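Engineer: prediction below, plus the sequence it came from.
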Amino acid sequence: MSMNGSGVFVVNSAGQPVVASTLITSAAFNAFTADVATALSTAIMKDGQTTVTANIPFAGYRLTGVGAASARTDAATLVNVQDGTGVYVGTVGGTADAITLTPSPAITAYTAGQTFYWIASGANTTAVTVAVSGLTAKAITRNGTTALLAGDIASGSMVQATYDGTRFILAASSAVALSGGTMTGALVQAVGANVASASTINLTTVAGNACHVTGTTTITAVTLATGKFCEVIFDGILTLTHHTTNNNLPSAANITTAAGDRAAYWSDGTTVYCLRYQRASGASLVGGTAGQIVGTATNDNASAGNVGEYLSSSVASGSPVAMTSGVSVNITSLSLTAGDWDVYGVVGAKGAGTTTINYWWGSISNTTGTIDTANDRRVSMCMRNDAFSFTATFTQQIGPARISLAGTTTIYLVTEAGFGTSTCDAYGILHARRRR
């Protein structure tokens, strides 16, 4: 016997141990040298002659000075780990949508768990496949089995993908996190190549989230991948045809574009929506002309606080306000909130058969029972030395006058008359329209 199975050389062949002054027979010597030869044959030779036939325990010790692995069956070193040997692929071919990888060393078959890194040679425009070491191409997906969308892999980005036994799943890209996370820098949207106008335009293949649409051909449908946004700038005049699912426009009506008009498209997988449309002129989308504001299309009222809000208050001639000669009196009033208003009114007077009148005023006033003498806020008549009598009624319009208010204010319709012999009554109506 030579080695005892625990790495210890044991001399126990016949004739051993030898005795002094005793002849060592050839049989004893040959048995001993045979044991030595056997023991040496189990040793690992430093020049690589020996093939190891069993696992070797190192008892916590390490191999030092080991060369970097270059074949799949070589032992890996820390150098290999840090350098990404066999995992980082520097030789990338094919196209942005059909990628080929040539790692070193090459693989001979796909195995679940294989991971590769590479720098993308271009931005993908549709679903992506990858073929490694000349093997059959496999799909690259994200979040499990979801096919990649245009732009999921950015040109020049570091890509990581892991094989799950069926496909490669995109685990990371230095361009954008696939889900969650907080962006700490500016979002820069890539502008893709121009898209020529056609009956159907394809925004899915735009390499980025923005593009120009050229030409003047009517567009009746838009193709867009689920979840993708695309900002579109129109370079010419064309017609966008509204369609419930293929080109759902915000006006639910056709739109005639102008150069510089902009639209934002998004798809939920069932409908392609134009979420926003902005005219280069700044005009409103529905019925708008540059420099004009579109009015309502029905007999409704502007809401309180909105431009166009209308208020009025009136006193009928059948129930007038009694007047005292020479004394200003309120006919009616309106409470106006802060804003810019156009205020106008109609004042009327009626007398008895023998009433004589010397003068008559009407006014829009901020002060109760007070005539405002500003030209655009008053009217007057019968300013003469000799009085006249009247039996009928007469009216005069006041304004419109601009009244700009910083807070809620009461505006009055005021009148005053100098009269005698009999009675004089007043009536009228006060209107206000919010301008802004």
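Structural biologist: The structure has been received and is ready for your questions.

Engineer: count of residues packed around the closest residue in space to residue 408 that isn't next to it in sequence?
Structural biologist: Excluding its sequence neighbours, the residue lying closest to residue 408 (C-beta to C-beta, 6 or more residues apart in numbering) is residue 337, at 5.1 Å. Backbone N, C-alpha and C define where each C-beta goes, glycine included. Neighbour count for residue 337, taken as other C-beta atoms under 10 Å: 14.

Engineer: just the pLDDT at residue 337, thanks.
Structural biologist: Looking at residue 337, its pLDDT reads 96.

Engineer: show me the contacts for it.
Structural biologist: 304, 305, 405, 407, 408 (C-beta atoms under 8 Å, 6 or more residues apart in numbering).

Engineer: could you redo those residues as a markdown table and give each row pLDDT and distance to residue 198?
Structural biologist: Output for those, formatted as a markdown table (pLDDT from 0 to 100; distance: C-beta to C-beta, whole Å):
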| residue | pLDDT | distance to residue 198 |
| --- | --- | --- |
| 304 | 89 | 48 |
| 305 | 90 | 46 |
| 405 | 96 | 55 |
| 407 | 95 | 58 |
| 408 | 96 | 57 |
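
Engineer: which stretches of the stretch 51-200 of the chain have low pLDDT?
Structural biologist: 172-186 (pLDDT under 70).

Engineer: picking up where we left off before, which one of the contacts of residue 337 has the most neighbours?
Structural biologist: residue 405 (14 neighbours).

Engineer: name the nearest residue to that one, ignoring sequence neighbours.
Structural biologist: Of all residues not flanking residue 405 in the chain, residue 338 sits nearest, at 5.2 Å (C-beta to C-beta, 6+ apart).

Engineer: just give me the longest helix of this protein.
Structural biologist: Taking DSSP state H as the criterion, the chain has its longest helix at helix 26-41.

Engineer: pull the contacting residues for the residue nearest to residue 405.
Structural biologist: Contacts of residue 338 by C-beta under 8 Å, 6+ apart are 405, 406, 407, 408.

Engineer: determine which two of those are furthest apart.
Structural biologist: Pairwise distances across those (C-beta to C-beta) peak at 9.5 Å, for the pair 406 and 408.

Engineer: now the contacts of residue 338 as TSV including distance to residue 100?
Structural biologist: Shown next, in TSV, are the contacts of residue 338 (distance: C-beta to C-beta, whole Å):
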residue	distance to residue 100
405	74
406	72
407	74
408	75
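
Engineer: please tabulate those residues in a markdown table, including the columns secondary structure and distance to residue 276.
Structural biologist: What follows is the contacts of residue 338, written out as a markdown table (DSSP: H, G, I helix; E, B strand; the rest coil; distance: C-beta to C-beta, whole Å):
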| residue | secondary structure | distance to residue 276 |
| --- | --- | --- |
| 405 | strand | 35 |
| 406 | coil | 35 |
| 407 | coil | 36 |
| 408 | coil | 36 |
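
Engineer: which of the residues you listed lies closest to residue 81?
Structural biologist: Each of the contacts of residue 338 was scored against residue 81 by C-beta to C-beta, and residue 406 proved nearest at 73.1 Å.

Engineer: for the nearest residue to that closest one once chain neighbours are set aside, give its distance to residue 431.
Structural biologist: Leaving aside its chain neighbours, residue 406 sits nearest to residue 338 (5.7 Å; criterion: C-beta to C-beta, 6+ apart). For residue 338, the distance to residue 431 equals 19 Å [C-beta to C-beta, to the nearest Å].
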